[in-house]
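A.B. asks: Below are the sequence and a predicted model; questions follow.
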Amino acid sequence: MAHLSDFHLVEPGHAERRGEDWWRLRYLSLRRPIDAEARIARARSALAAAAGADHLVLTGDLTEDARDEQFALVAELLAESPFRPEQVTLVPGNHDAYAPDAWSRALDGPLAAWAPTSRGLVELADALIVPLSTAVEQFWTRSSGVLAELPDLGELLDQARDRAVLLALHHPPFRVLHHWVHGLANHGDVRELLAAHGTLHCLHGHTHRATSRTLDGDAPRVFCVEAVAESASPGRGYRVADGRVDPT
């Protein structure tokens, strides 16, 4: 299984923006060069490097500010990638919700081919993937998230049997610096779920750093990747077997 996150794609015509659209892009791209072609090339390279994995999980911030043109770019890159639509699961990040109903419109529009594996449970031979949205509509100076509904894991864990269960979401289930502005509001609820079930794992993005975190001293079960938009070596691969997920 492969894991990528945080493409932060920008449309090639961004230089034509004016007013608030211009200021929003500059603010959100702070410390990142606004080079549309370079970001597209990074995303294309990262997708190609993940070839060979049986499934790909993208944990949000696929766009910089949720414009339709940016979601169309995501669709183009996925369509030319080594992965078939049924091999890809997408979840939104806070950047993918800076326009009203942006994520829903994208899944009904340019990302429709990837909607079935991004809106519901994905069953693999060795894992069950549960895509969860932590994206909420908010002003673009904030990057927080909320998990609106926690999954009912009782029946799901029975169904999993000896398979690992992976929660795929954008925000980490831990406190972060300036948590009110940047963090997951109900992170404690997600962490309690993870602590209660040993075969439950979490893949996330948002922090732009590759981390493997434990719960109460057990083996790492919460994984993040470096941002495609910034890293020279983004992405991680995982070996999934016997109810465990281990980075390769």
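C.D. replies: Everything's here; your move.

A.B. asks: and the top helix by length along the chain, average pLDDT?
C.D. replies: Longest helix in the chain by number of residues (criterion: DSSP state H): helix 36-49. In this model, helix 36-49 has an average pLDDT of 97.

A.B. asks: List the buried residues in the lowest-mean-pLDDT helix or strand in the chain.
C.D. replies: Sorting the helices and strands of the chain by mean pLDDT, DSSP states H and E puts helix 153-160 at the bottom, at a mean of 81. By 16 or more other Cβ atoms under 10 Å, the buried positions in helix 153-160 come out as 153, 157, 160. Backbone N, C-alpha and C define where each C-beta goes, glycine included.

A.B. asks: ok, now stretch 30-44?
C.D. replies: Quick answer for stretch 30-44 (16+ other Cβ under 10 Å): 36, 39-40, 42-43.

A.B. asks: Just the mean pLDDT for stretch 101-118, thanks.
C.D. replies: Mean pLDDT, computed over stretch 101-118, is 98.

A.B. asks: Could you spell out the sheet neighbours of the helix or strand containing R239, each with its direction?
C.D. replies: Assigning secondary structure by DSSP states H and E places R239 in strand 236-241. Its sheet considered, strand 236-241 pairs with strand 2-4 (antiparallel), strand 244-247 (antiparallel) by DSSP bridges.

A.B. asks: Report the beta-bridge partner residues of T89.
C.D. replies: Judged by DSSP bridges, the bridge partners of T89 are V57.

A.B. asks: And it, how far from L194?
C.D. replies: Distance of T89 to L194, given as Cβ to Cβ, to the nearest Å: 19 Å.

A.B. asks: Settle it for me: which of these two has more neighbours?
C.D. replies: Shown here are T89 and L194; by other Cβ atoms under 10 Å, T89 has more neighbours (24 against 19).

A.B. asks: Wait, the more buried one touches P131, no?
C.D. replies: Yes. Using Cβ atoms under 8 Å, T89 makes contact with P131 at a distance of 5.3 Å.

A.B. asks: The residue lying closest to M1 once chain neighbours are set aside: how many residues sit nearby?
C.D. replies: Leaving out its chain neighbours, the residue that sits closest to M1 by Cβ to Cβ, 6 or more residues apart in numbering is Y238, at 4.7 Å. When neighbours are defined as other Cβ under 10 Å, Y238 has 22 of them.

A.B. asks: Test my guess that Y238 contacts R244.
C.D. replies: No. Using Cβ under 8 Å, Y238 is not in contact with R244, being 9.5 Å away.

A.B. asks: Can you tell me which of the strands paired with strand 236-241 is packed in deepest?
C.D. replies: Of all the strands paired with strand 236-241, strand 2-4 has the most neighbours on average by mean count of other Cβ atoms under 10 Å, namely a mean of 25.

A.B. asks: helix or strand right after it?
C.D. replies: For strand 2-4, the following helix or strand on the C-terminal side (DSSP H and E) is helix 19-28.
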